[in-house]
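In: Need coordinates for the below:
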Amino acid sequence: MHPDDPSDQKLTDARPTTLSGDAASTERTIGRHRAPEPPRRSLLGSTPVRVALATGVTCCLGLAAVATARGAEDDSRPVEPLAEAVADRAAIADERASRSLDRDLAPARVTPSPVATPTPSRAAVRKAPKKPVKPRRPRPVAGLDQAQMDNAKIIVDVGLEMKMPRRALVVALATAMQESNLYNLASDVLPESAQYPNQGSGSDHDSVGLFQQRPSSGWGTVAELMRPSYAARAFYSALNEIPGWQDMSVTAAAQSVQISAYPDAYAQHEERATTVAAALTA
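Out: Numbers count the residues shown, from 1 in each chain. The predicted model follows:
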């Protein structure tokens with residue numbers, strides 16, 4: 001090369017960057033018995049290399065800034081260590097577990113106390129419909145059986161409903177005792193009468209019921225006269241039509257209504273009829 005070449009001059013004038021100006025350091029680097037190495041050509045001395053290096057440094061600084069910004073954002077978020085996260089998940093799993101081999105016995109079951117039923121008010125009790133009470137059957141007296149006593153009660157109840165005096169009750173009882181012995185009788189002459197509830201039958205013409213009243217005489221139909229309550233009402237109505245019956249004897253009053261062939265037969269039943277009337281009106 002020519003000594004005047006600019007590139008050679010530049011390389012020759014450049015100082016090695018790795019060597020120190022200190023004699024001692026130079027001596028330590030090359031040793032005491034070694035000749036110093038010839039200066040090497042520096043790559044940083046050329047312009048293109050410097051430009052490339054500057055560009056690379058600028059890019060690295062930009063990337064470093066972006067990474068630093070992202071790192072700052074990531075640092076702002078709470079990051080759980082792996083061990084702590086695993087421990088927390090295990091604790092949650094234990095809490096959610098519904099069964100365990102060493103679990104305690106189930107708690108004793110508590111029986112709820114019964115709810116008290118509110119007591120109804122007096123107004124509600126008054127408004128509530130009452131159940132029909134079955135009437136008590138009267139206890140027989142004066143030698144009567146239960147069927148006779150039941151019929152006697154019907155005769156007395158109808159008389160009381162019609163507001164008849166006690167003497168009318170005795171007259172009606174004595175008449176029924178004589179005519180049917182206080183049984184509701186059908187008639188062998190009237191087969192129809194057997195179709196209704198009865199307690200036996202008689203054969204005195206077409207006479208039926210407790211008072212042996214005759215349908216042919218206008219007392220009523222067979223069906224009506226076979227009902228004890230209707231027969232008693234028919235007797236009291238006829239008795240009320242007799243003038244002065246209250247002053248008559250039991251026999252005379254009964255005969256005035258019945259027109260019997262044996263007018264004196266009713267007297268024998270007056271005492272028992274009085275006892276029965278007293279028992280049923282007490």
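In: Low-confidence regions, the stretch 1-150 of the chain specifically.
Out: Along the stretch 1-150 of the chain, the model assigns pLDDT under 70 to residues 1-129, 132.
In: could you pull out the strands for the protein?
Out: 186-187, 201-202 (DSSP state E).
In: Could I get the contacting residues of L185?
Out: N198, Q199, G200, S201, G202, V208, G209, L210, Q212 (Cβ atoms under 8 Å, 6 or more residues apart in numbering). All C-beta atoms are positioned from the backbone trio N, CA, C, and that covers glycine.
In: For P138, grab the count of nearby residues.
Out: Neighbour count for P138, taken as other Cβ atoms under 10 Å: 16.
In: which residues sit in contact with it?
Out: Applying Cβ under 8 Å, 6+ apart to P138 gives the contacts M149, D150, A152, K153, A279, L280.
In: circling back to that earlier point, for the strands of the chain, could you give me CSV that also reports distance to P138, mean neighbour count and mean pLDDT?
Out: CSV is the format used below for these (distance: least, Cβ to Cβ, whole Å; neighbours: other Cβ atoms under 10 Å; pLDDT from 0 to 100):
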stretch, distance to P138, mean neighbour count, mean pLDDT
strand 186-187, 24, 24, 96
strand 201-202, 25, 17, 93
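In: For those strands, give me a markdown table that also has distance to K134.
Out: What follows is the strands of the chain, written out as a markdown table (distance: least, Cβ to Cβ, whole Å):
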| stretch | distance to K134 |
| --- | --- |
| strand 186-187 | 27 |
| strand 201-202 | 29 |
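In: Out of the ones you listed, which gets nearest to L173?
Out: Comparison of those against L173 by Cβ to Cβ identifies strand 201-202 as nearest, at 18.7 Å.
In: show me what contacts the residue nearest to L173 when sequence neighbours are not counted?
Out: Among residues not flanking L173 along the chain, A273 sits closest, at 3.7 Å (Cβ to Cβ, 6 or more residues apart in numbering). Counting by Cβ under 8 Å, 6+ apart, A273 makes contact with L169, V170, V171, L173, A174, M177, V250.
In: One more pass at 7 Å, please.
Out: By Cβ atoms under 7 Å, 6 or more residues apart in numbering, the contact list for A273 reads V170, L173, A174, M177.
In: same thing with Q146?
Out: So, once contact is read as Cβ under 7 Å, 6+ apart, Q146 ends up touching R137, P140.
In: mind checking pLDDT for the residue nearest to L173?
Out: You'll see A273 listed with a pLDDT of 98.
In: so how far is Y266 from it?
Out: Using Cβ to Cβ, to the nearest Å, we find A273 at a distance of 9 Å from Y266.
In: which neighbours do the two share?
Out: Joint contacts of A273 and Y266 (Cβ under 7 Å, 6+ apart) are A174.
In: List the contacts of P135.
Out: Counting by Cβ under 7 Å, 6+ apart, P135 has no contacts.
In: for T274, that is, sorry about that
Out: So T274 contacts V170 (Cβ under 7 Å, 6+ apart).
In: mind running it again at 10 Å?
Out: A142, R166, R167, L169, V170, L173, A174, V250 (Cβ atoms under 10 Å, 6 or more residues apart in numbering).
In: Relative to D157, which of the contacts of A273 is nearest.
Out: Taking Cβ to Cβ as the measure, L173 is the one of the contacts of A273 closest to D157, at 12.1 Å.
In: thought that closest one was touching Y236?
Out: No: contact criterion Cβ atoms under 10 Å: L173 and Y236 do not qualify, at 11.8 Å.
In: Name the residue in these two with the higher neighbour count.
Out: Neighbours were counted for L173 and for Y236 using other Cβ under 10 Å; L173 has more, 28 against 20.
In: and that one, what pLDDT?
Out: 98.
In: now M226
Out: 98.
In: list the contacts for it?
Out: Contacts of M226 by Cβ under 10 Å, 6+ apart are 184-187, 190, 192-198, 208-210, 220.
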